[in-house]
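> sequence first, then the predicted structure:
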Amino acid sequence: MTTTVWGLIIKWLIVFVLLKSNIFITSYGIYTISYYDDCHPENRPKIIVFFIREIDHTKHEGNKPRVLITGSLGQLGTGLASVMRKRYGVQNVFMSDIIKAPPNVAASGPYVFADILDFKRLQELIVTHSIDWIVHFSALLSAVGENNVPLAMRVNIEGLHNVLELSKQYKLKLFVPSTIGAFGPDSPRNPTPDLTIQRPRTIYGVSKVHAELMGEYYFHRFGMDFRSLRFPGVISADTNPGGGTTDYAVHIFHDALQTGDFTSFLRRDTRLPMMYIDDCLRSVVQFMEIPSNQLKQRTYNVTAMSFTPEELVAEVRKHVPHLKAKYEPDSRQKIADTWPEVFDDSNARADWGWKHEYDIKGLCDIMFEKLRPVYDTDSHPDNASSKDGKQKRTTA
Ligand SMILES: NC(=O)C1=CN([C@@H]2O[C@H](COP(=O)(O)OP(=O)(O)OC[C@H]3O[C@@H](n4cnc5c(N)ncnc54)[C@H](O)[C@@H]3O)[C@@H](O)[C@H]2O)C=CC1
Ligand SMILES: CC(=O)[C@H](N)C(=O)O
């Protein structure tokens with residue numbers, strides 16, 4: 001007999017012995033296979049990997065998850081799609097939104113129209129493309145939400161109900177980001193732990209507390225694999241922010257390079273937690289791949305740093321010494337005054353190894369490294385993006 005046949009016989013003998021000795025009987029038959037099925041192969045226990053290879057029932061290339069990202073044309077979605085496509089395969093990650101994709105995004109992999117309020121359309125996408133995970137990014141952020149509360153209630157609350165129900169129905173893993181905005185003036189602000197009073201004063205914050213609670217309810221009641229990370233303000237160079245209270249920390253880099261004049265819409269001493277986008281996207285992928293039974297909570301705080309506008313100006317001046325800064329607080333100040341100043345993410349660090357890479361200095365270095373060429377090489381300041389698709393500042 002050939003070595004392959006002997007190998008198979010030995011493998012199945014081991015399987016037989018394991019089954020006989022009850023070691024994996026319960027986890028194999030019902031729970032573990034579906035559970036380990038969508039983890040990255042590296043994270044699977046060796047013996048289970050061996051097991052799955054023999055009876056793998058998925059048709060996906062390399063047993064990678066098929067992911068649908070909603071609201072993927074916002075600040076976070078394009079970057080996450082790119083990270084996940086490298087990891088899970090281009091054809092396994094579906095970007096979706098209600099707006100037309102720019103040419104560089106449309107050419108980068110599957111992109112589909114999906115209004116989060118259209119249950120049937122989402123259902124069709126999940127079935128047609130055999131989706132395993134949903135990353136639910138569609139939302140109206142804090143400042144935009146306050147300007148259109150009825151729409152924020154529809155998108156942030158009704159939209160969530162749709163993805164929850166569909167994730168339950170099709171046994172999907174569901175990631176819904178939460179935010180520092182899920183806390184309010186009654187929460188301890190420095191530091192703000194995972195479990196504490198949450199009485200936010202924005203519709204955005206209320207909708208995110210609702211998402212956390214509904215997701216946890218679906219997990220306990222229906223066994224749905226719901227996961228959420230509370231992000232601080234996310235800072236990115238390749239994409240513009242979508243209308244939040246932390247957006248000033250992105251605007252400053254563009255203003256420093258474009259005009260040398262920066263006006264902060266928050267007071268100089270307003271301290272808020274922040275994170276560079278690469279850390280944020282890495283946290284999502286790492287968190288989604290952790291075996292469910294290693295998570296002690298379904299919702300975790302994650303952060304990287306905390307700073308005030310004045311501290312950021314000082315750091316930016318190391319790159320653009322002539323930068324002029326003014327502070328003219330607007331309605332967003334009232335929101336920021338109720339949010340955490342310093343985020344306690346010690347549970348994420350202890351339970352699943354969360355670790356940030358960028359501090360304020362690293363953040364400024366990478367932002368200027370990425371944005372300088374955009375402003376230096378393109379002499380048309382009105383163009384929203386440079387030739388390589390990097391975004392210039394477009395929001396007020
Ligand atoms: N960017 C940040 O600093 C933070 C973001 N988050 C959360 O991360 C997620 C993604 O955030 P961003 O990318 O910054 O948001 P964004 O505002 O940049 O993008 C949101 C996307 O949702 C889409 N959208 C709006 N209505 C929709 C509908 N009816 N159906 C489908 N899509 C719709 C928009 O077209 C947009 O592309 C959001 O849930 C947000 O709450 C949480 C904390 C911080
Ligand atoms: C921190 C957030 O959730 C967002 N950037 C916002 O400011 O609304």
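Looks like it came in fine. Ligands and ions are numbered 1, 2, ... in the order given.

> write out the residues of the stretch 201-350 of the chain neighbouring ligand 1.
231, 233, 234, 241, 242, 244, 246 (Cβ under 6 Å from any ligand atom). Quick note: C-beta positions are derived from backbone N, CA and C, even for glycine.

> do that again at 8 Å, thanks
204, 208, 230-236, 239-244, 246-247, 280 (Cβ under 8 Å from any ligand atom).

> for the nearest residue to residue 273 once chain neighbours are set aside, give me the backbone phi and psi.
Once flanking residues are discounted, residue 273 sits nearest to residue 232: 3.4 Å by Cβ to Cβ, 6 or more residues apart in numbering. Per-residue torsions, residue 232: phi -80, psi -170 (degrees, to the nearest 10).

> how close does the residue in the stretch 201-350 of the chain that ligand 2 sits nearest to get to residue 332?
Distances between the stretch 201-350 of the chain and ligand 2 by Cβ to the nearest ligand atom are smallest at residue 244, namely 2.3 Å. Computed as Cβ to Cβ, to the nearest Å, the residue 244 to residue 332 distance reads 8 Å.

> which parts of the stretch 201-350 of the chain sit against ligand 2?
204, 208, 231-234, 241-247, 272, 332, 335, 339.

> domains for this structure, by residue range?
As assigned by automatic domain parsing, the chain contains the domains 3-57, 170-377.

> without its sequence neighbours, what residue ends up closest to residue 114?
Nearest to residue 114 is residue 96, by Cβ to Cβ, 6+ apart, at 3.7 Å.

> ok so, going back, who touches both of residue 244 and residue 332?
142, 143 (Cβ atoms under 8 Å, 6 or more residues apart in numbering).

> would stretch 80-96 count as contacting ligand 2?
No: Stretch 80-96 lies apart from ligand 2 when judged by Cβ under 8 Å from any ligand atom; the minimum separation is 15.3 Å.

> just the endpoints, please. Distance across that stretch?
With Cα to Cα, to the nearest Å as the measure, the ends of stretch 80-96 fall 12 Å from one another.

> so which residues make contact with it?
Contacts for stretch 80-96 (Cβ under 8 Å, 6+ apart): 40, 60-62, 64-73, 77-78, 101, 105, 108-114, 125, 129, 131, 135, 137, 281-282, 284-285.

> which of the residues you listed are buried?
40, 60, 64-73, 77-78, 101, 105, 108-112, 114, 125, 129, 131, 135, 137, 281-282, 284-285 (16 or more other Cβ atoms under 10 Å).

> so which of those sit within strands?
Residues of the buried ones among the contacts of stretch 80-96 located in strands (DSSP state E): 67, 68, 69, 70, 111, 112, 135.

> now the stretch 51-200 of the chain against ligand 1: closest residue?
Here the residue of the stretch 51-200 of the chain nearest ligand 1 is residue 74; by Cβ to the nearest ligand atom that distance is 1.9 Å.

> that residue against residue 239, yeah?
Yes: contact criterion Cβ atoms under 8 Å: residue 74 and residue 239 qualify, at 7.3 Å.

> helices or strands next to the strand or helix carrying residue 369 in the packing?
Using DSSP states H and E, residue 369 maps to helix 360-377. Judged by 3 or more Cβ pairs under 8 Å, 6 or more residues apart in numbering; DSSP states H and E, the packing partners of helix 360-377 are helix 248-258, strand 272-276, strand 305-307, helix 309-317.

> list the pairing partners of the shortest one within its sheet, with orientation.
So that's strand 305-307. Sheet partners assigned to strand 305-307 using DSSP bridges are listed as strand 272-276 (antiparallel).

> for the partner strand, what is the distance to the chain centroid?
14 Å (Cα atoms, centre = their mean, to the nearest Å).

> and the angle from it to helix 309-317?
30 degrees (axes from the mean of the first three to the mean of the last three Cα atoms, to 10 degrees).

> ok, for residue 196, nearest residue in space, not its chain neighbours?
That would be residue 187: by Cβ to Cβ, 6+ apart, it lies 5.3 Å from residue 196.

> just the helices in the stretch 101-250 of the chain please.
Counting by DSSP state H, counting those that start in this stretch, the stretch 101-250 of the chain has helices at residues 103-106, 119-128, 142-147, 149-152, 159-169, 203-222, 248-258.

> tell me the angle the last one makes with helix 360-377.
Interaxial angle, helix 248-258 versus helix 360-377 (the same axes, to 10 degrees): 40 degrees.

> what mean pLDDT does helix 248-258 get?
Regarding helix 248-258, the rounded mean pLDDT is 98.

> can you pull out the residues in contact with the next helix or strand after it?
Later in the chain than helix 248-258, the nearest helix or strand by DSSP H and E is strand 261-264. With contacts defined as Cβ under 8 Å, 6+ apart, strand 261-264 is touched by 248, 251-252, 255-256, 309, 313, 316, 323-329.
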